[in-house]
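Enquirer: how does the following fold in three dimensions:
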Amino acid sequence: MKRFVMFLLLGFMVVGMTQRIYAQGEAAVPFLLLAPDSRAGGIGESGTGLADNSAAIFWNPAGIAFLTGSEVSITHSNWLPQFNLDLFYDYLTYRQYIDDIGGSLTASVTYMNYGEFVRTASNSPDPIGTFRSFDAAFTVGYATKVSTDWGLGFNFRVIHSKLSDQPTEEEQGKGVATTVSFDLAAMWRPQELNIPFIGDMGNRLSIGVNLSNLGPKIYYIDQAQADPIPTNFRLGFAVRVFEEEFNSLTYTLDFSKLLVDKGNASTDQGLFGGDTTRTGSTTERKDFYEAIFTAWGDQPFSEELRDIVTSMGLEYWYGKPEDFMFALRAGYFYEDPSFGNRKFITLGAGIRYDIYGFDFSYITTDVFKDGENHPLSDTLRFTLFIGWGGQPQQSHGFPRGI
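Expert: I've put the predicted structure just below:
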């Protein structure tokens, strides 16, 4: 089933063409793990603790509980530019605060285009047609404050994956699959908080937790070949380092871990060299409601710690919320060499004028040169948004620049 294997490899390229390639993959539909927006993309892909715009639907929907008014945004990125492929990523969001329900309704559309492919017969290289391939997800959610300092968020998502429109000669099914998932999130953003030896951190500290993509396995051919979707745990912090009348600086820090059953593993020589962990198929992989617990202890403790992805960033704003503002951003993303080896620096900037805004972010791996171009290098994201009807922002509180 050569064409289907090719699509699986393409899926791995979506999340960075890492040196650790899985035969079946730790999880299917990896596009659900891509950082979707330019703002978080500029601060090292860390947004779980900040989560103060409509992109919080991805990072931490509970952050939207602290927002009022409405907002719509769209993000576009040409993905893996090093390969000059017809890959692009779009992300559309909307949030609406409704006083009668005491919270906000949210919606987003995620679309990953893999381009057009040529279909050939199994016994001949001659083309017999073409088809297009894509992954997409539609998400709706609700966020509300349960107290002055606490917010909760919930998402429901429909996931559709179209890798191929026809089966091969050996298979009965198509390369098309649909499943569902949901997210649970919480945010603590205290208005009053005194920490010994540090001082008053009220309206300066935010801590968020997001458990995303909880849902059944997805399969393209039959249930015996089902793979888990990428259930992911995120813990994030945001700290307002300082804020004056025209200036503010915020530090963000995220930790994330994939909570899926890896199955039986064996070591082999990978497609790109080096040891490669291959997921075995002799044992059925656990469902998400088991894996969210067992994935914390299915390997030695030291390995579990190395399996956690770390990202951080700094965001500087100059200006006043009711007037023109601009932002500068920088961040760092780190993944252990034995668990993916993605590491890169991000840069970004943004402007706000009245109800309009624009952000962009850039990934560079030049400082980690190892003799070859990294596929994520030179990736750009662009985001446009309009936000209206919200309450005036306080000068010393989250959010800033929305």
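
Enquirer: the nearest residue to G390 once chain neighbours are set aside: neighbour count?
Expert: For G390, ignoring the flanking residues on the chain, the nearest one in space by CB to CB, 6 or more residues apart in numbering is G69 at 2.9 Å. Just so you know, the C-beta spots here come from the backbone N, C-alpha and C atoms, and that holds for glycine as well. G69: 15 surrounding residues under other CB atoms under 10 Å.

Enquirer: surely E290 is within a helix?
Expert: Yes: judged by DSSP: H, G, I helix; E, B strand; the rest coil, E290 forms part of a helix.

Enquirer: leaving out sequence neighbours, find the closest residue to it.
Expert: Counting by CB to CB, 6+ apart, E290 lies nearest to D261, which is 7.3 Å off, once chain neighbours are set aside.

Enquirer: which phi and psi does the one you found have?
Expert: Its backbone dihedrals place D261 at phi -80, psi 120, with angles given as degrees, to the nearest 10.

Enquirer: just the pLDDT at it, thanks.
Expert: At D261, the predicted lDDT confidence score is 86.

Enquirer: and if you look at L271?
Expert: According to the per-residue confidence, L271 scores 26 in pLDDT.

Enquirer: quick one: buried residues of stretch 101-119?
Expert: Of the residues in stretch 101-119, those scored as buried under the neighbour-count criterion (16 or more other CB atoms under 10 Å) are 103-104, 106-108, 110-114, 117.

Enquirer: please disregard the earlier target; I meant stretch 293-306.
Expert: If you call a residue buried by 16+ other CB under 10 Å, then stretch 293-306 has these buried ones: 295, 298.

Enquirer: and the contacts of it?
Expert: For stretch 293-306, contacts defined as CB atoms under 8 Å, 6 or more residues apart in numbering pick out 257-262, 286, 307, 336, 338-339.

Enquirer: can we see that at 7 Å?
Expert: With CB atoms under 7 Å, 6 or more residues apart in numbering as the contact definition, stretch 293-306 has outside contacts at 259-262, 286, 336, 338-339.

Enquirer: can you check stretch 62-74 too?
Expert: Counting contacts by CB under 7 Å, 6+ apart, the residues outside stretch 62-74 that touch it are 51-56, 92-97, 103-104, 106, 143-145, 151-153, 185-187, 189, 208, 383-391, 398-399.

Enquirer: okay, buried residues for that stretch please.
Expert: The neighbour-count criterion (16+ other CB under 10 Å) identifies 62-67, 70-74 as the buried residues of stretch 62-74.

Enquirer: from the contacts of stretch 62-74, list just the buried residues.
Expert: 51-56, 92-95, 97, 103-104, 106, 143-145, 151-153, 185-187, 189, 208, 383, 385, 387, 390, 398-399.
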